[in-house]
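1. model the following, please.
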Amino acid sequence: MILFDKLKLICSLDVVQNISEQEFQTIVKDGCVTSYKYQQDQPFYLLIRKDFLHCECVIEFTGKILLDRYPELINLNNIRYCIEQINRLGICEIDTDRLLQTAIVAKCDITKDIPSTQIKDIISQTKQNLSNYDKWEVEKYPNGICIRNKVTTDRYKKRVCIYNKEKELTAQSNTTFLNAVKNPSTLLDYFKGKVRFELNIGTMVQVRRYLQITDNSLNKVLTSTANPILSILDEALKKDTNTKQHTIFKDYVYSLILADNNNDLAELEAKVRALSPKGTIIKRKMKPYRDYFNRQNATSAKIDIRNLVS
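-> Here you go, the predicted model:
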C-alpha cells in the first residue's frame, strides 16, 4: 500500500459548504468575490480554496493532520479520518462521502520510512553512485539530500529526498505539532532511527505515470500498487559495474586527490570540470577515481538502497 505525506485534492465547489468568513480570506476582483481561501502551517499544513473562477475547490494537507496517528501516513485506510480532522476545526463543512467519491489528486508526496541507523552511509552511496552526472544532481536538504534530474519542464521533473526523519521531527519548526499530539514521546520513539525516502509528484500527468493508473481519481491513487520511489531510484542510481584494477602507485595518487576533495566524487567532478579544457569527456576522466572509490569500499558492508524501498 502506498503511503503519502501530502495530498492536493480538487473537487466541486459544493463539496465544501458553510465556510467561516471570519477564518477564510475573501479574494475580490473588480468588485466580485472570486475565491475564499484558508491556510494554516501549524500544527499541520492545510489549504482550502473555493475558486469560483475555475468552479472548483482545492484541499491540500500533509500527513501531520493525523496527529498521534502520523506514523500511519495518509493512506486508503485513514483518508476519511483526515477529512474528519478538517471538519473538526469548525472552519467549514466538507461532504466527506462526496469528496472521497469524486475528488481527483493533482499533487502528492509519496513516502517510505525505513528503519536504519546508517543514514550517513545511505547518503554517501547515493551521492557517489548517480547513474549519469550530466542528467542527475544532488542537492542539500535538511538532515539529508535530494537527488533530482536536470530538467526544467514540470511534467518531467523527478525528485527524491532522503533524510533523517527523527532529526527533522525534533527541529524547532515542529514544536507546535509535537505540542498538539497527546503522546509526543511515543511519536518520537516511533521515528527514532528512521530514514525517510520522499518522492515529490508535482503534476497530474506525473501522478498517473508514476502510480501507473488511468485517471487521477482519489480511489485510483490510494489503491495503486506501483512503487514509484523504487522506479526513480532505478533510473538515478547506477547498477553494479566491474572496476578496473590499477597499480599501487596509481591508487596512491587517486587516494591523495580524493582526500583533497573530502572523498566526495561529486566535489571532485566539479573541480575536474572547472580545470578541464572545453571538450573534455568528464565521464571518462572521472572513471578511474570512481573505480578506485568503489574498490576501496567493496570490502565494507554495502547498503542495497533499492532493497530498502522495495
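
2. can we go C-alpha only for contacts and neighbour counts from here?
-> Fine.

3. for the stretch 1-150 of the chain, which segments are assigned as helices?
-> 79-88, 96-102, 119-128 (DSSP state H, counting those that start in this stretch).

4. need the helix or strand of the chain with the lowest average pLDDT.
-> Within the chain, no helix or strand scores below helix 248-260, which has a mean of 81 by mean pLDDT, DSSP states H and E.

5. any idea which residue is closest to the centre of this protein?
-> By CA atoms, centre = their mean, the chain has its centre lying nearest to E198, at 2.8 Å.

6. what segments of the protein are strands?
-> According to DSSP state E, the chain carries its strands in the segments 4-11, 16-17, 25-29, 32-40, 46-51, 56-62, 93-94, 104-115, 136-141, 144-149, 159-164, 194-201.

7. reformat these as CSV; add mean pLDDT and distance to T170.
-> Putting the strands of the chain into CSV (pLDDT from 0 to 100; distance: least, CA to CA, whole Å) gives the following:
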stretch, mean pLDDT, distance to T170
strand 4-11, 98, 17
strand 16-17, 96, 34
strand 25-29, 95, 32
strand 32-40, 96, 20
strand 46-51, 97, 21
strand 56-62, 98, 17
strand 93-94, 98, 32
strand 104-115, 97, 16
strand 136-141, 94, 16
strand 144-149, 96, 14
strand 159-164, 96, 10
strand 194-201, 97, 13
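
8. how about the least confident helix or strand of the chain, which residues are buried there?
-> If you call a residue buried by 16 or more other CA atoms under 10 Å, then helix 248-260 has these buried ones: D251, Y254, S255, L258.

9. from R208, how far out is the residue lying closest to I229 once chain neighbours are set aside?
-> With sequence-adjacent residues excluded and distances taken as CA to CA, 6 or more residues apart in numbering, I229 is closest to L199, at 6.1 Å. From L199 across to R208, the span is 14 Å (CA to CA, to the nearest Å).

10. which one of these two is surrounded by more residues?
-> Neighbours per residue (other CA atoms under 10 Å) separate L199 from R208, with L199 holding more: 24 against 20.

11. quick one: contacts for that one?
-> D109, I110, T111, K158, R159, V160, C161, P228, I229 (CA atoms under 8 Å, 6 or more residues apart in numbering).

12. residue contacts, the closest residue to the third one other than its chain neighbours?
-> Nearest-residue entry for T111: E198, 4.5 Å, with adjacent residues in sequence omitted and distances by CA to CA, 6+ apart. Counting by CA under 8 Å, 6+ apart, E198 makes contact with D109, I110, T111, K112, V160, C161, I162, I229.

13. I figured the second one hits F4, correct?
-> By that I understand I110. Yes. At 4.5 Å, I110 counts as touching F4 under the criterion of CA atoms under 8 Å.

14. could I get the contacts of E198 as JSON lines with distance to L268 and neighbour count?
-> Formatted as JSON lines, the contacts of E198 follow (distance: CA to CA, whole Å; neighbours: other CA atoms under 10 Å):
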{"residue": "D109", "distance to L268": "32", "neighbour count": "20"}
{"residue": "I110", "distance to L268": "32", "neighbour count": "23"}
{"residue": "T111", "distance to L268": "31", "neighbour count": "23"}
{"residue": "K112", "distance to L268": "31", "neighbour count": "21"}
{"residue": "V160", "distance to L268": "23", "neighbour count": "25"}
{"residue": "C161", "distance to L268": "22", "neighbour count": "21"}
{"residue": "I162", "distance to L268": "22", "neighbour count": "24"}
{"residue": "I229", "distance to L268": "28", "neighbour count": "24"}
